[in-house]
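Chemist: Need the 3D shape of this:
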Amino acid sequence: MSPRIVNDSHDEELLAATARGDLESFHQLYLGHAGRVIAYAHRLCGDRSLAEDVAQEVFTAVWTKAGTYRTDRGGVAPWLYTLTRNKLVDLWRRSGRNRECEGLDELRLPQPERTPGDLRLTLRQALTRVNPDQREAIEMAYFQGLTYEETARRLALPLGTLKSRIRLGLRGMREVLEGAVSIPGTAAAAR
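Modeler: Numbers count the residues shown, from 1 in each chain. Below you'll find the model as predicted:
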């Protein structure tokens with residue numbers, strides 16, 4: 001399966017159609033983002049079942065509040081992550097688990113930077129240059145929104161082996177990218 005490159009304008013169109021009550025657009029939006037929303041919620045709370053409940057609440061809110069999304073405040077994915085964080089905090093507060101909310105205010109949401117098409121193409125090209133086993137692990141963990149544990153289970157690998165495979169693959173991608181583009185914080189940017 002090839003990685004899905006997030007297309008903000010397409011997501012914005014899907015969200016606008018959802019606001020008009022288009023169930024198919026909502027379904028496409030859900031398919032495109034549910035995995036990442038669940039993975040993000042799971043990273044925040046450490047409980048897969050709770051993460052799935054939060055994701056359900058997030059997408060219920062998307063269905064009912066899609067018209068409140070404003071393009072001038074950021075992309076669709078960061079909006080979904082904000083909804084996810086807020087729903088999780090709401091659940092914790094309702095259940096009296098306020099202590100778990102501490103530190104979430106400073107939490108940086110996983111907001112992918114908007115990149116020009118050339119860089120997206122370069123990332124895809126870099127991914128094709130790593131070992132196929134590493135590429136498969138990276139695609140599952142980063143592009144399909146699976147946790148490392150889920151990826152390890154699907155690939156029938158020990159968790160440590162999976163993490164090593166991903167780390168080596170990302171290192172290989174970085175080496176390819178450093179030769180192709182200047183990335184802030186890399187050796188190529190310092191040259």
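
Chemist: tell me the domain boundaries of this protein?
Modeler: 8-101, 117-190 (automatic domain parsing).

Chemist: What residues does Glu175 make contact with?
Modeler: With contact set as CB atoms under 8 Å, 6 or more residues apart in numbering, Glu175 has no partners. Every C-beta, even on glycine, is put in place using the N, C-alpha and C of the backbone.

Chemist: and it, how far is that from Arg167?
Modeler: Taking CB to CB, to the nearest Å as the measure, Glu175 falls 13 Å from Arg167.

Chemist: got any ranges where this structure has weak pLDDT?
Modeler: The chain contains residues with pLDDT under 70 at 1-8, 95-123, 143-145, 179-191.

Chemist: And the spatially most central residue of it, which helix or strand is it part of?
Modeler: Centroid-nearest residue in the chain, with CA atoms, centre = their mean: Arg36, separated by 4.1 Å. Arg36 belongs to helix 23-45 when elements are defined using DSSP states H and E.

Chemist: list the helices and strands that helix packs on?
Modeler: helix 8-19, helix 48-65, helix 76-94 (3 or more CB pairs under 8 Å, 6 or more residues apart in numbering; DSSP states H and E).

Chemist: rerun at 10 Å
Modeler: On a contact count with 3 or more CB pairs under 10 Å, 6 or more residues apart in numbering; DSSP states H and E, helix 23-45 meets helix 8-19, helix 48-65, helix 76-94, helix 148-155.

Chemist: burial count for the residue lying closest to Ala41 once chain neighbours are set aside?
Modeler: For Ala41, ignoring the flanking residues on the chain, the nearest one in space by CB to CB, 6 or more residues apart in numbering is Ala51 at 3.8 Å. Ala51: 22 surrounding residues under other CB atoms under 10 Å.

Chemist: wait, what's in contact with Ala51?
Modeler: Neighbouring residues of Ala51 by CB atoms under 10 Å, 6 or more residues apart in numbering: Val37, Ile38, Ala39, Tyr40, Ala41, His42, Arg43, Leu44, Cys45, Thr84, Leu88, Thr147.

Chemist: Contact partners for Arg129?
Modeler: By CB under 10 Å, 6+ apart, Arg129 lies in contact with Arg135, Gly169, Gly172, Met173, Glu175, Val176, Leu177.

Chemist: my bad, Ala34
Modeler: Each residue near Ala34 by CB under 10 Å, 6+ apart is listed here: Glu52, Ala55, Gln56, Val58, Phe59, Leu80, Gly145.

Chemist: Give the buried subset of these as a PyMOL selection command.
Modeler: Buried members of these can be picked out in PyMOL with the line below, counting by 16 or more other CB atoms under 10 Å:
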select buried, resi 55+58+59+80+145
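
Chemist: Asp22: which of the contacts of Ala34 is nearest?
Modeler: Phe59 (14.5 Å; CB to CB).
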